[in-house]
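Q: Let me see the structure of the following:
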Amino acid sequence: MSYTRAIHSIAAALVMSAALSACGEGDKAQSASQPPPAPPVTVAKPVKRIVSDFDEYVGRFTAVDYVEVRARVSGYLDKIQFTDGQLINVGDILFTVDRRPFEAALEQAKAARTQAEANLAYAESDLKRGENLVRGTTITQQTYDQRVQAKNVAQASVTAQSAAVRQAELDLQFTELKAPVSGHIGDRRVSIGNLVTGGTTGSTTLLATIVSTDPIRFEFTIDEASYLRYLSALSDASAREPERGMALPVSLKLIDEKDFVHEGKIDFVDNAIDRSTGTIRMRAEFKNPTGKLTPGMFGRIKIPNSAPASALLVPDTAIATEQVRKFVYTVGDDNIAQPKYVTLGPVVDGMRVITAGLDPDDTIVINGLMRIRPGAKVTPQQATAEAQPATPPTATVKSN
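A: Have a look, this model is predicted:
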């Protein structure tokens, strides 16, 4: 009896297994006959904005005024009246050379001038008496001429001694070395008590250096092709004679800054292109009230190379690559994704300018490109391309 019951149980299990297998195969066939759902993607219209193209160049800051403080008179250094690195103003006294020898020289010069003036007064009175005597033939003509000569010599002596007094006064003034420009002074090169050599020769003693800080200049070079492009843009924008870039507004950033926050203008373009490098030197001027911009510091300057124009912008995430060609996926009313090849322009505030291949009414995929196949249907989810500030944008198309 137990043997028969076991046979029946085995048969029932086999029948149930066959039924379940048949049901599974039916479900697989049904699922294989249905296409996969259309992948969801995010779509948006391209952003239309007014943009300008810019070029970027690396350069270095230079001071408008750079002065080497040197002594004009020789003597022992008596005082130093500044702190190393201090911000100074025009006319501030920086160094003082021992004044006592020059004060004595001035007194001596004044005394010599007084003596010369006394001699002149005597010669003039003697000549006046001689004029009356010569009319009465009391003295000879020769004696009269000698008195005239003596008066002229006395007059010349007064002139020479007056010049000596002025020179002594200048030497006394030169014992105080004053700042000729405002700016930052460097460290002292000579200590108190040292003998400094003055004068106008190259062997004079260097005491310190001063660099002006506000405004400050930024020097850089551009290639010949860019220079011609700037001239062409200026000529097209104005009927006047081209100003060779001198009216261009520029912006600048430092190596630790993300944005071009410093505004300035071109104030100088060199008069010749360097034959060895094919570049021309340019200079811009920037305000520097805080003194952060320091001579010798590197920076990156941005120059507009064309007039503002309307352009279409898309997020960089919407751009795909096919070998060397770039394209975006556009979605029509039938929700079919099709590639559209485009020409890329510069990046403006994180968005890519499309210079050709895209229409303002196109709907492009901005997210989900990895889930798309050309000609496949998608499930579009409408969005808005990333909005940008309303201020005039900037773009960079070239870096030197």
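Q: Thr221: which element?
A: Thr221 belongs to strand 216-223 when elements are defined using DSSP states H and E.
Q: name the helices or strands packed onto that strand?
A: Contacts defined by 3 or more C-beta pairs under 8 Å, 6 or more residues apart in numbering; DSSP states H and E place strand 216-223 against strand 54-63, strand 279-286, strand 298-304. Every residue, glycine included, has its C-beta placed from N, CA and C.
Q: okay, those strands in TSV with distance to Thr197, mean neighbour count and mean pLDDT next?
A: Putting the helices and strands packed on strand 216-223 into TSV (distance: least, C-beta to C-beta, whole Å; neighbours: other C-beta atoms under 10 Å; pLDDT from 0 to 100) gives the following:
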stretch	distance to Thr197	mean neighbour count	mean pLDDT
strand 54-63	26	19	89
strand 279-286	35	20	92
strand 298-304	37	20	88
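Q: Nearest to Glu107, out of the ones you listed?
A: Shortest distance between Glu107 and the helices and strands packed on strand 216-223, using C-beta to C-beta, is found for strand 54-63: 41.3 Å.
Q: just the angle between that closest one and strand 216-223, please?
A: Taking axes from the mean of the first three to the mean of the last three C-alpha atoms, to 10 degrees, one finds strand 54-63 and strand 216-223 inclined to each other by 140 degrees.
Q: any idea of the pLDDT on Asn288?
A: Asn288 is assigned a predicted lDDT (pLDDT) of 90.
Q: What separation is there between it and Leu252?
A: 11 Å (C-beta to C-beta, to the nearest Å).
Q: what about these two, which has more around it?
A: Counting neighbours by other C-beta atoms under 10 Å for Asn288 and for Leu252 shows that Leu252 has the greater number, 23 against 19.
Q: one step back: residues of the strand holding Thr221 that come out buried?
A: Taking 16 or more other C-beta atoms under 10 Å as the neighbour-count basis, strand 216-223 is seen to contain the buried residues Ile216, Arg217, Phe218, Phe220, Thr221, Ile222, Asp223.
Q: Quick check: the second one vs Pro346, distance?
A: From Arg217 across to Pro346, the span is 27 Å (C-beta to C-beta).
Q: Which one of the buried residues of strand 216-223 is nearest to Leu127?
A: Proximity of the buried residues of strand 216-223 to Leu127, judged by C-beta to C-beta, is greatest for Arg217, which lies at 63.4 Å.
Q: In contact with that closest one, which residues?
A: Under the criterion of C-beta atoms under 8 Å, 6 or more residues apart in numbering, the contact list for Arg217 reads Phe61, Thr62, Ala63, Val64, Asp267, Arg283, Ala284, Glu285, Phe286.
Q: Would you reformat those as TSV and include distance to Ala179?
A: Listed next are the contacts of Arg217 as TSV, based on distance: C-beta to C-beta, whole Å:
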residue	distance to Ala179
Phe61	21
Thr62	19
Ala63	14
Val64	15
Asp267	24
Arg283	25
Ala284	26
Glu285	22
Phe286	23
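Q: Can you get me a residue count around the closest residue to Phe61 other than its chain neighbours?
A: The shortest distance from Phe61 to any non-neighbouring residue, by C-beta to C-beta, 6 or more residues apart in numbering, is to Met297 (4.8 Å). The burial metric for Met297, expressed as a neighbour count using other C-beta under 10 Å, is 15.
Q: these two touch, right, Arg70 and Ala208?
A: No - no contact is recorded between Arg70 and Ala208 when judged using C-beta atoms under 8 Å, the distance being 9.2 Å.
Q: Same drill for those two, tell me which one is more crowded.
A: The residue with more neighbours, out of Arg70 and Ala208, is Ala208; 22 against 19, by other C-beta under 10 Å.
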